[in-house]
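> structure, please.
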Amino acid sequence: MDYRQKTNRGEYIPAFFEMYLKIDGEIDLNKLSKRDFSLFFHEYIHFLQDITTTYGLTTCYAYGEYIQSVVNDIYEKKQKEFYVPYIYNDNKDNIRLNEQLQSLTLGDWDTNIESLDNIKVTLDDFELDFGKEQNIPSIKVVCIQANEDDYISFGASAIKESIAYIMERYCFEEYEKSCDFPYSSAEKVANAIYTEFGQSTLNVLALADCSLMFSNPGYVFVHMLYQFKKKHYNPEKPQDIYSQLENAKVNNGTKIFDFFENIANQTRRKIKSYFMVPDYPELHKVFHDWVDTVIDKALNLRKENPSYLLDIIAENINSSNNIFIEIVNSLGTPMMKNKQKDYFTIKPKGKAGWGVEVLKSVHQIYKILHDGEFQCSLYPWCLRSYEEHPEGNLNPTREKCLTKPWVRASEEELCPLGLLWKNWNLVNYYPKRKVE
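Numbering: from 1, shown residues only. Here you go, the predicted model:
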C-alpha cells in the first residue's frame, strides 16, 4: 500500500523519506517565507515520526520485507516474465498479514472532514484473514461516528497528522488552516472521552506521540484515555505522560524502549540491504554511513529525551540554536520535491554523497512490483540532471523511462533505478501488467 501523509500544500511518503512541498523554485530553508517554512516543518515532523517511533520504524521494515520477499520469489520461480501487481494469494513471509495490519492500524488516511462534532467512539474487533496461524486472530480498531452520519477509522495516520498540526500551530502564526479530520482528530477524540485531559493540547500531543511507540496507536491512544479517566489521572505537565512509557511492556514482557531499539536496528539492516555490493564495499559505504547516521540519531533522540517534541515547540523556532534546527542539521532532510518537480536535499552535517536519494529508487521499484506502475517518477529529475551534465551520458527518454524503466539496468550508463535493478540481479527479469 503506497500511502501518504497529506496536507493542502504538501505530502510526506512514509518509509521512503520523501516530501512534496507546494513551493516554487529552490527549497532553501534560509530563504523560505514563514508560511513555506511552516509547511516544511509539518512534513519534517512526519519524517521524525518515521524514525523515532516504533510504528514508523515497523512500517519502514514492513515495506522492506515485501520487496525482499517478492524479489526472492522472482528468483525462485525462474521465469523471466513476472506479473504485477505482485500480490500473494497466501500469507507467504507474513506479507499479507503485515499489509492488513498496516491498513487497519493506519485507519483512514485519504479522507478529509471539515468539522467533527457530536463524536462517539467505539472499539471494534476486526478479524484478520491470516491472523490465526500467527496467534493474532483479531485486532481492535477505533471507529468514530461524528456529525451523525460520518463514520471514520481513527488510527496512526490521523494521530501523526494531529501531532504535526498541533506543533505547527504552536510554532507558527502563519500556517495552513486544515480540516478537523485528520488534523485535529486526536484533540477531538480526547475531548469526547476525557474532557478535562483534552483541554490541554500538549497533553494530547504527548499521549499521541507515546501511542506511536506501539503497534496499534489508535487503540492505545483511546485505551489510555479511558484508563486515565477511570483513575482520574490528569498530569500536571505533559512530560509526565512519557513516564508511562518507562513501565510499558510489549511482546511478552519486553520493555518498550528495548523493543524500539530492536526494531530500529532491524530497520537499519533492512534499509542497508537495499544497496549492497559485497565485493566492492566502498561503493555502498556512503549510503550505509548515512543509514547509520539517521538511525543512531533517532535512537539517541528518543531514548535520551523521550519528550523531545515538547522541547521543539517550547523554544523560538527562529532561533539559530533551536533544537529543531539542530536536528535538521544532524539528520539532514528527506528528498524534497517542489512544484516544478525539482528535488533538493540537505545532507547531515559533515556528510556528502548519496544517502536518502537511494530510497527514491527503492520506492519506484516498490511501485512497479506492488502497484504495477511503470512510469518512473525519477524521469524529470534524471532529465534535468542530463541537461545540466550531458557528459554523464544518462540520456533519459520518455519511451524507456515512462513505459519500461527496468531496461535501463542493461545499459552502460546506469540511472538510479537501473543501478538498483541491476544490483538486485533483476536484469534478466521484467514485469508485465496483469490483465483483469
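> show residues contacting stretch 235-247.
Identification of contacts with stretch 235-247 by Cβ atoms under 8 Å, 6 or more residues apart in numbering yields 200, 202-203, 205-207, 210, 213, 224, 256-257, 306-307, 310. From N, CA and C alone the C-beta is placed, and that goes for glycine too.
> state the mean pLDDT of that stretch.
Stretch 235-247 shows a mean pLDDT of 92.
> in helices, which of the contacts of stretch 235-247 appear?
Using DSSP state H, 202, 203, 205, 206, 207, 210, 224, 256, 257, 310 are the members of the contacts of stretch 235-247 that sit in helices.
> so where's the stretch 1-150 of the chain uncertain?
Filtered on pLDDT under 70, the stretch 1-150 of the chain yields the residue ranges 1-8.
> for it, just list every one of the helices.
34-52, 54-77, 95-106 (DSSP state H, counting those that start in this stretch).
> turn those into TSV, columns for distance to residue 396 and mean neighbour count.
Output for these, formatted as TSV (distance: least, Cβ to Cβ, whole Å; neighbours: other Cβ atoms under 10 Å):
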stretch	distance to residue 396	mean neighbour count
helix 34-52	27	22
helix 54-77	23	19
helix 95-106	32	20
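> for those helices, give me JSON lines that also has distance to residue 427.
Formatted as JSON lines, these follow (distance: least, Cβ to Cβ, whole Å):
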{"stretch": "helix 34-52", "distance to residue 427": "31"}
{"stretch": "helix 54-77", "distance to residue 427": "12"}
{"stretch": "helix 95-106", "distance to residue 427": "24"}
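> out of these, which is closest to residue 378?
helix 54-77 (16.8 Å; Cβ to Cβ).
> so which elements touch the closest one?
helix 34-52, helix 95-106, helix 256-272, helix 357-366 (3 or more Cβ pairs under 8 Å, 6 or more residues apart in numbering; DSSP states H and E).
> what angle do that helix and helix 357-366 make?
Between helix 54-77 and helix 357-366, the angle comes out at 60 degrees (axes from the mean of the first three to the mean of the last three Cα atoms, to 10 degrees).
> need the helices and strands packed on helix 54-77 in JSON lines with distance to residue 381, can you?
Below are the helices and strands packed on helix 54-77 laid out as JSON lines (distance: least, Cβ to Cβ, whole Å):
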{"stretch": "helix 34-52", "distance to residue 381": "19"}
{"stretch": "helix 95-106", "distance to residue 381": "28"}
{"stretch": "helix 256-272", "distance to residue 381": "21"}
{"stretch": "helix 357-366", "distance to residue 381": "8"}
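> do you know which of those helices lies nearest residue 69?
helix 95-106 (5.5 Å).
> ok, residues contacting that closest one?
Residues outside helix 95-106 that contact it (Cβ under 8 Å, 6+ apart) are 1, 3, 55, 59, 62, 65-66, 69, 88, 90-91, 126, 128-131, 134, 136, 139, 141, 153, 155-157, 215-218.
> for this protein, identify the residue most remote from the centre.
Relative to the C-alpha centroid of the chain, counting by Cα atoms, centre = their mean, residue 391 is the outermost residue, at 35.8 Å.
> so for that one, what's the pLDDT?
Note on residue 391: pLDDT of 78.
> same check, this time on the one 10 residues further on
pLDDT, residue 401: 96.
> what are the phi and psi angles of it?
Note on residue 401: its backbone torsions stand at phi -70, psi -30 [degrees, to the nearest 10].
> what's the burial count for it?
Residue 401: 24 surrounding residues under other Cβ atoms under 10 Å.
> skip the chain neighbours and tell me the closest residue to it.
residue 379 (4.4 Å; Cβ to Cβ, 6 or more residues apart in numbering).
> from the contacts of helix 95-106, which ones fall inside strands?
Per DSSP state E, strands hold the following members of the contacts of helix 95-106: 126, 139, 141, 153.
> which one of these is nearest residue 161?
In terms of Cβ to Cβ, no member of these lies closer to residue 161 than residue 153, at 13.6 Å.
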